[in-house]
Structure formats: C-alpha cells, structure tokens
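Participant: make a model of this:
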Amino acid sequence: MGHVEVNRVTYVLPDGRPLLNDVSFRVGEGVKAALVGPNGAGKTTLMRLIAGDIQPVDGSVTSSGGLGVMRQFVGSVRDGSNVHDLLLSVAPPAVRQAAEKLAQAELDMMERDDTKTQVRYAQAISDYTDAGGYDIEVLWDTCTVAALGVPYDNVKYRDVATLSGGEQKRLVLEALLRGPDQTLLLDEPDNYLDVPGKLWLEQQLKETPKTVLLVSHDRQLLANSADRIVTVESGNIWIHGGGFMTYAEARKARNDRLDELRRRWDEEHAKLKALVNMLKNKARYNDGMAPAYHAAQTRLRKFEEAGPPELAPKDQLISMRLKGGRTGKRAVICEGLELTGLMKPFDVEIWYGERVAVLGSNGSGKSHFLKLMAGEQVRHTGVARLGARVVPGHFAQTHSRPDLLGREPVEIVMTEHARLKNEAMKLLARYELAGRTAEQRFETLSGGQQARLQILLLELSGATLLLLDEPTDNLDLASADALQEGLNAFDGTVMAVTHDRWFAEDFDRYLVFGSDGKVYESPEPVWDETRVVRAR
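Facilitator: Down below sits the predicted model:
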C-alpha cells in the first residue's frame, strides 16, 4: 500500500509569481482523492512536484509503495514514439533504466559484434531480467489486449500517433492499474474517454486497493469515484473529507466561516489600535498610564505578529452572456443525411430554442456532423440546412484554431470584434481572462482558458445556433457551471456533442449516433446503447 504526503511546500513560477504557498496535505493508504481548483491554480504543477518532475522552493514531498504517473498528455513521450515507448514511460524507474541500457547495447551490437560488446549486451539482458522487464512485458500483453484488442507483440512498434486519444488513455490506465506501483497520480485520466470508458474507469477506481490522487473536471466521475476532495485555491490547500455531492455546500460553509473569522479579527485589531492610541494620549499627561500604554502596545504587537486568519478564496466571477436572437421556427433540417462512411441516412428537425445533446461513441461521426452544420466542407449525401436567420457558432473540440495561434486574447477581441482595448479587457475579465492572461499567446493558455476564450468569441459573434463539441472537457468546475447558466439564458438553439453526463442532464432532446451506424432520438441520455442515470 502507498501514500503521498506534501509538507509545507512553496513553489514560485519562473517569472517570480508565487503559485503555492506553504501547502500541506496527506493522501493515506487506499484513499481515492480528487485534486480540484480553478484553471491555472496549480493542480498540474502540484502533481509534477509530487512526481519529482520539478522541485519546490521550500518544503518536501514523500510517497511510498512506488509512484505511477499519468501525465496530462500521455502520448507526448517523444516524436515518433511507439506503443512500447508509451508503456515504458509509465513503468517503474528500474525497468525504464534497464530498458534504456538494453536498447543502447542492441544498437552497439548492430555496429560491432566483438567480445566486449557481446559481454555488455549479455549483462544488459541480465539487468533487464533482474529489473522485471520481461515480467512486465507479460503484463503489457494483458494491457494491449484489454485496451486495443491485440497482443503486445503485434502492436509494440505501432506509432502512438495512430492511436486515438481515448485508446492512449485506456492503455496507460490499464498499465498503471495493473502494474506494481501502489500510489497513482492521474492527471485528467478521463479526457478523451467516451462514457463507457469513464464507467470502466470509475469501476476500476472503486475496486483498486491502490492510493490514487487524480485531477478531473468531470463532475459525475468525481461524484462516483472520489472519497476525498483536495482543493487548490489562492495558493493554499484545503480538504473536504466527504464526496463531491456535498462539496459545494462544504466549500460555501468554509468560506463563510473564514469570512466571519476575518471580520472578528479586523474588529479586534481596530479595538486594540484604538486602545493604544487612547492610552498613548493619556500617558502624555499622566505618568501612571505609561505601564498600561506599554502593555497595550505589547498586546497589539503580538496580535499583529500572529497575523490574521486565512482569507476566504475569491470566487470566480465568470459571467457568460450568450445572447442569441429570434430565428425561424425550424433551426436545423436534415433529410436523408448521411456522412460518407460514418452513418446511415437519417432525418431530423430541430426547432428554435431547443437544447439537443448529440451522444455516441468516439468515431461515430458526431464532430463531423457539427462541422457540417457550421458550414465546413464535410463529405455527405442528402440535405443539411439551417433555418431562416440562423447564424451558427462553432466550438471546436480540440481547441484547434490555427487562426488564433500566436495571437493574444486582447488583440483577438479588439481586431475581430472592433473593440477598444479597455472594452476588450472588461469582456475578458468576465471570463477570468484579464491581467497577464489577456496578453499571453493563445497556444500558451491552459485548455480551460482556451475554452473560455472560445465561448467569449461565440458570445460576441451574434450566433443564434451554438454548435458545441465537448465544451466542458477542459473547463474547471466553476466555468462548467457558468457555461450551463449561460446556456440556460441563451435566446437561441443549442446542439452539443458531449460525454459529460452531468452536463447532458440539462438538455431537452438526445440525438444518439448508434454503434450500428443508425441515428435515432431518445427521451433520455443513452451512452453506447447503455442507459446511464445520473446519481442523485
């Protein structure tokens, strides 16, 4: 069994800004803890500190039982990496080191086949065996069969880039959950997983005896899997010992308590200062008051040295004012529509004001359908058209916006929507994108910040039909709630592809892209032909 302990850790960003200040917490044996907080609060940085990728300015991090790490982008081992490289990247350090020496010895043998090289090669094989390398390859065979449906030997040299994001995540999760490490750090393990994949992950987290610290923005997964919530806010850490369903209430109660403690401290501070001033004035004319004056000074000094109680973290004030506008009664009309090679012909009409969730497994054509309705070139047959006065606005799933690369949010808003700089800054502030963030290049923003900027651009576009492809994937909890509030107030039609079960509950209709190629409607959410009911 394993554990993680963070002891009084302080971390400062390269530009000198403090990110984490004297934070401490412990995740005990067998606990499943979720690390949550606003985008940019330091969740991934904290995971990297625990993994040993970076070092704190002060404090220490300890763990036991071996540490298995899934980083946020699992496929980025290096350019041209294969399945073997991917699995090796999450293997225990001893296996990784022995594998590197073995690979080098094999290269040396190809260049020269002398006795000295043969001895080094034999030693490398022995070291790899002793480290458990061949044993773990047997484990990898089980993992590739479970995740990809083929044995390890058949897929070991396959380029990682040919795997979908969901396949990469599933493969790494299989290796970590089945592997020897007893403590797991999982940074957004559910991203790119479809709902059956998320259900599988939830079940694995419930059943594994391992200690797990995970970062996730999926509210349903948090509700179903985490028994401890570790929150990073304003450079500090606090822990909610219950599950996610009681988290919002616990956070509000904590913040109310901190506000009350601060108010009392401020009142006592003001009283002590007033007392010192009063006694100081009296001591000028009455020497007998000097001892009382000095005693009050000492009391004030000690009070100030002890310092005020912790300030309650500032709530994210994200306000998404999606406006829309009146259109014709029929917003979307599809007749005999078939996206080539992806689905069978189907008919559907979507009416003004409806909220339609587009559901189905990865690769079923959902994203291509939204692109077609947004006016992009997608091979198809049949009719797909928009109603009168319908203006589409498209939110791209992967935030792939080459038109925004190299540009800053403030410049984008100013040039594309004819805003003065102070107007642009006010708009960005409503999306928590002001300050330094407003002047960062688009590609350097976090996934959540890129998502919020895209939603702001939708707000400014005048769109009356919102075509949203996985809009909540990278949004933090507060941003996802703000998006749902914004959509509820939107005067128009919404179509959203989503694997977010919590988000999907707010929709009126469900258009399901079935695994057999048929497209049909359901009165309730359907995930890969398996009905999923949100936990209440």
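Participant: low-confidence ranges in this structure?
Facilitator: Residue ranges of the chain with pLDDT under 70: 75-79, 397-400, 528-536.
Participant: quickly list the domain ranges of it.
Facilitator: 3-245, 249-306, 330-406+442-531 (automatic domain parsing).
Participant: got these as JSON lines, with mean neighbour count and distance to Leu433 columns?
Facilitator: For the C-beta atoms, the positions are set from N, CA and C on the backbone; glycine is no exception. Rendered in JSON lines, the data for the domains of the chain read as follows (neighbours: other Cβ atoms under 10 Å; distance: least, Cβ to Cβ, whole Å):
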{"stretch": "domain 3-245", "mean neighbour count": "18", "distance to Leu433": "10"}
{"stretch": "domain 249-306", "mean neighbour count": "13", "distance to Leu433": "23"}
{"stretch": "domain 330-406+442-531", "mean neighbour count": "19", "distance to Leu433": "6"}
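Participant: what's the closest of the ones you listed to Gln316?
Facilitator: Within these, the stretch nearest Gln316 is domain 330-406+442-531; the backing value is 4.2 Å (Cβ to Cβ).
Participant: export the domains of the chain to CSV and tack on distance to Arg430?
Facilitator: Supplementary listing: the domains of the chain in CSV, determined by distance: least, Cβ to Cβ, whole Å:
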stretch, distance to Arg430
domain 3-245, 15
domain 249-306, 21
domain 330-406+442-531, 8
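Participant: grab the nearest non-local neighbour of Glu521.
Facilitator: Leu511 (5.9 Å; Cβ to Cβ, 6 or more residues apart in numbering).
Participant: should've said Gly65
Facilitator: By the measure of Cβ to Cβ, 6+ apart, the closest residue to Gly65 outside its immediate chain neighbours is Gly2, 2.5 Å from it.
Participant: now the one you found: how far from Thr437?
Facilitator: According to Cβ to Cβ, to the nearest Å, Gly2 stands 36 Å off from Thr437.
Participant: again, but for Gly40
Facilitator: The span separating Gly40 from Thr437 equals 8 Å under the rule Cβ to Cβ.
Participant: which residues does the residue nearest to Val195 when sequence neighbours are not counted bridge with?
Facilitator: Using Cβ to Cβ, 6+ apart and skipping the chain neighbours, the partner closest in space to Val195 is Trp527 (3.7 Å). Each beta-bridge partner of Trp527 is listed here, defined by DSSP bridges: Thr530.
Participant: over to Gly324?
Facilitator: The partner list for Gly324 in beta bridges (DSSP bridges) reads Asp491.
Participant: tally of neighbours for it?
Facilitator: Applying other Cβ atoms under 10 Å, we find 22 other residues in the vicinity of Gly324.
Participant: pretty sure it is touching Val494, no?
Facilitator: No: the pair Gly324 and Val494 does not pass the contact test of Cβ atoms under 8 Å, sitting 9.0 Å apart.
Participant: anything in contact with each of these two?
Facilitator: Leu466 (Cβ atoms under 8 Å, 6 or more residues apart in numbering).
Participant: still on that earlier bit, looking at this, the residue nearest to Glu521 is in a strand?
Facilitator: Yes: following the definition DSSP: H, G, I helix; E, B strand; the rest coil, Leu511 is counted among the residues of a strand.
Participant: does it touch Val358 like I think?
Facilitator: Yes: at 5.1 Å, Leu511 and Val358 qualify as touching, with contact defined as Cβ under 8 Å.
Participant: now the helix or strand Gln168 falls within - C-alpha only, PDB.
Facilitator: Gln168 is located in helix 165-178, with elements delineated by DSSP states H and E. These are the backbone C-alpha positions of helix 165-178, laid out as PDB (Å, rounded to 0.1, in the frame of the first residue of the first chain):
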ATOM      1  CA  GLY A 165      -6.700   9.900 -27.500                       C
ATOM      2  CA  GLY A 166      -9.100   7.500 -25.800                       C
ATOM      3  CA  GLU A 167      -7.000   4.500 -26.800                       C
ATOM      4  CA  GLN A 168      -3.800   6.100 -25.400                       C
ATOM      5  CA  LYS A 169      -5.500   6.900 -22.100                       C
ATOM      6  CA  ARG A 170      -7.100   3.500 -21.700                       C
ATOM      7  CA  LEU A 171      -3.700   1.700 -22.500                       C
ATOM      8  CA  VAL A 172      -1.800   3.800 -19.900                       C
ATOM      9  CA  LEU A 173      -4.600   3.400 -17.300                       C
ATOM     10  CA  GLU A 174      -4.500  -0.400 -17.800                       C
ATOM     11  CA  ALA A 175      -0.800  -0.500 -17.300                       C
ATOM     12  CA  LEU A 176      -0.900   1.700 -14.200                       C
ATOM     13  CA  LEU A 177      -3.900   0.000 -12.500                       C
ATOM     14  CA  ARG A 178      -2.400  -3.500 -13.200                       C
END
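Participant: for stretch 335-349, measure first residue to last.
Facilitator: Between the opening and closing residues of stretch 335-349 we find a distance of 9 Å, counting by Cα to Cα, to the nearest Å.
Participant: repeat for stretch 105-124
Facilitator: Taking Cα to Cα, the span from the opening residue of stretch 105-124 to its closing residue is 7 Å.
Participant: chain center to that stretch, what's the gap?
Facilitator: Distance of stretch 105-124 from its chain centroid, counting by Cα atoms, centre = their mean, to the nearest Å, is 45 Å.
Participant: in contact with Pro14, which residues?
Facilitator: Taking Cβ under 8 Å, 6+ apart as the contact definition, Pro14 lies against nothing.
Participant: and the gap between it and Ile54?
Facilitator: Pro14 is 10 Å from Ile54, by Cβ to Cβ.
Participant: which secondary structure state is assigned to Val9?
Facilitator: strand.
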